[in-house]
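Colleague: Could you look at this predicted model? Sequence included:
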Amino acid sequence: MEAIRNSPHGDNTIVIYTADHGLAMGSHGLLGKQNVYEHSMGAPLIVSGPGVPKGGSTSALTYILDLVPTIYRLTGTEIPAGTDGSDLAPLWRGEKKAVRDSLFLAFQDKMRSVRDERWKLHVYPQINHTLLFDLKADPGETRNLAVDHPNQVERLMKLMKDWQQKVEDKRVLSSPNPKPKTFDASQLTRVLDIWQPDWIVKKYYGDGDFIRHGK
């Protein structure tokens, strides 16, 4: 940042800080990113530069892909036809409070989720399991309210199917022959990515039995 400020471009440079989505470190008994809980779906996003108010923030529902049309607009570049995402600049200019009213989240063929400002639905198609959370009252997603609020489940299920059609996600949301919801972890063969360094393997997996992909 100091180098930018001291350069000829200090007054006309947009700086964007973002990263991959979150990593569960024990939350919900999970380690990693392979889930659709809020702690693993959120990603940092900071924009700084001309026209961006300092110290401002927003809780608007956004995707990192929104940076594509945002950068095009900020640089006065024509946005190519078919570009996904929404320009985020109206959020910090105070012209809009939101660019969308819901988000659709997915992990492989195992999980689907949809959320709005308050409610969030998790669907686990392989085991026919559904979770509903009130994010305003329970931001940590700890109390499943699916039985208590069937109308919300129905509404969000329809919203999820609308999102699936929009993004061409053909995964069915239930199984005629669901797998059991519980399993005996002691009988699993742990399969590790070939890119996991040895010290990570030793720290988190110990000396147990496991195989590496590609070996």
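Modeller: Happy to help now that I have it. Numbering: from 1, shown residues only.
Colleague: what does the model give the spatially closest residue to L23 that is not a sequence neighbour for pLDDT?
Modeller: Here the nearest residue to L23 in space, its sequence neighbours aside, is K33; by Cβ to Cβ, 6 or more residues apart in numbering that works out to 5.8 Å. All C-beta spots, glycine's among them, are computed from the backbone N, C-alpha and C. According to the prediction, K33 has pLDDT 87.
Colleague: ok, now how distant is K33 from M41?
Modeller: According to Cβ to Cβ, to the nearest Å, K33 and M41 sit 9 Å apart.
Colleague: so what's the residue nearest the centre of the chain scoring on pLDDT?
Modeller: Nearest to the geometric centre of the chain sits M41, at 2.9 Å (Cα atoms, centre = their mean). Per-residue confidence (pLDDT) for M41: 93.
Colleague: Report the residue spans of this protein with pLDDT below the cut-off.
Modeller: Residue ranges of the chain with pLDDT under 70: 207-215.
Colleague: domain ranges for it?
Modeller: What automatic domain parsing lists as the domains of the chain is 1-100, 101-182, 185-215.
Colleague: if you compare these, which one is most tucked away?
Modeller: Among these, domain 101-182 has the highest mean neighbour count (mean count of other Cβ atoms under 10 Å), at a mean of 15.
Colleague: okay, how far is it across it, tip to tip?
Modeller: This stretch, domain 101-182, spans 34 Å end to end (Cα to Cα, to the nearest Å).
Colleague: chain center to it: distance?
Modeller: In terms of Cα atoms, centre = their mean, to the nearest Å, the centre of domain 101-182 is found 13 Å from the chain centre.
Colleague: mind listing the strands in this structure by residue range?
Modeller: 15-18, 24-25, 31-32, 45-48, 103-107, 111-115, 119-124, 129-134, 190-192, 210-212 (DSSP state E).
Colleague: in the protein, which spans are helices?
Modeller: Taking DSSP state H as the criterion, the chain carries its helices at 2-5, 38-41, 67-74, 89-92, 150-167, 198-205.
Colleague: These into CSV, with extra columns for distance to T142?
Modeller: Shown next, in CSV, are the helices of the chain (distance: least, Cβ to Cβ, whole Å):
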stretch, distance to T142
helix 2-5, 42
helix 38-41, 11
helix 67-74, 32
helix 89-92, 29
helix 150-167, 17
helix 198-205, 24
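Colleague: Leaving out chain neighbours, which residue sits closest to F104?
Modeller: Leaving out its chain neighbours, the residue that sits closest to F104 by Cβ to Cβ, 6+ apart is W163, at 3.7 Å.
Colleague: Please report how far the one you found lies from L74.
Modeller: Counting by Cβ to Cβ - W163 and L74 are separated by 28 Å.
Colleague: P90 now?
Modeller: From P90 to L74 the distance is 12 Å (Cβ to Cβ).
Colleague: That'll do, ta.
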